[in-house]
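[1] sequence unavailable; structure follows:
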């Protein structure tokens, strides 16, 4: 029978195979501890969880006011867009009824748009002082509305031609 070269020959004095110190663990405790470390982390400590929650709460508290500012800014932008779309509509409505050579200014006229109430003023001034027929006017339309309990206003200027009677 041939001897396997991977295993050393038995020691004739003790009848056992000698082992080096490297093959044996120093103690059973060290052997189990190294086995645990090789598996990976076992979880988080309570302190780590509390620190993570504190960081999360501080970051959320810092970000929350941005949502309120963004919402108010969006509302203000939408109101200004609606008002800028209403101004030509109001001017066209005024032009349909503008037949007098010297029109009177409008004060506190009301306009409903999608359930919202807007008030507007219209001021007329002659476009060209040398035109005796006064066919063209500069019209300033000021639209007012309430936003968050505060009064807001936007003014729009345009040139308006008077309708001639047939």
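    Right, received. Where do you want to start? Because the structure is a prediction, the values reported are computed rather than measured.
[2] please count neighbours and contacts with C-alpha atoms only from this point.
    Will do.
[3] three-state assignment of the residue nearest to the spatial centre of the chain?
    In the chain, the centroid-proximal residue (C-alpha atoms, centre = their mean) is residue 70; its distance is 5.7 Å. Judged by DSSP: H, G, I helix; E, B strand; the rest coil, the three-state class of residue 70 is helix.
[4] residue 64 versus that one, what's the distance?
    10 Å (C-alpha to C-alpha, to the nearest Å).
[5] go on, residue 57?
    The spacing between residue 57 and residue 64, counted by C-alpha to C-alpha, is 11 Å.
[6] now do residue 159 against residue 141, distance only.
    Separation of residue 159 from residue 141 (C-alpha to C-alpha): 11 Å.
[7] looking at these two, which is more packed in?
    residue 141 (21 against 15; other C-alpha atoms under 10 Å).
[8] what pLDDT does the more buried one get?
    Residue 141 is assigned a predicted lDDT (pLDDT) of 94.
[9] what about it, which helix or strand?
    strand 136-147 (DSSP states H and E).
[10] and the next helix or strand after that strand, which residues are buried?
    Heading C-terminal from strand 136-147, the first helix or strand you meet, by DSSP H and E, is strand 150-161. Of all the residues in strand 150-161, those buried under the rule 16 or more other C-alpha atoms under 10 Å are 157, 160, 161.
[11] which other residues reach strand 150-161?
    For strand 150-161, contacts defined as C-alpha atoms under 8 Å, 6 or more residues apart in numbering pick out 80, 83, 87, 91, 95, 127, 135-146.
[12] what is the mean pLDDT for it?
    What strand 150-161 shows for mean pLDDT is 90.
[13] partners of that strand, with directions?
    Strand 150-161 has its sheet partners listed here by DSSP bridges as strand 136-147 (antiparallel).
[14] the strand it pairs with: which residues count as buried?
    Using 16+ other C-alpha under 10 Å as the test for burial, strand 136-147 gives 136, 137, 138, 139, 140, 141, 142, 143, 144, 145.
[15] helices of this protein, start to end?
    28-39, 46-96 (DSSP state H).
[16] to residue 104, which of those helices lies closest?
    helix 46-96 (11.2 Å; C-alpha to C-alpha).
[17] tilt between that closest one and strand 136-147?
    Counting by axes from the mean of the first three to the mean of the last three C-alpha atoms, to 10 degrees, helix 46-96 points 150 degrees away from the direction of strand 136-147.
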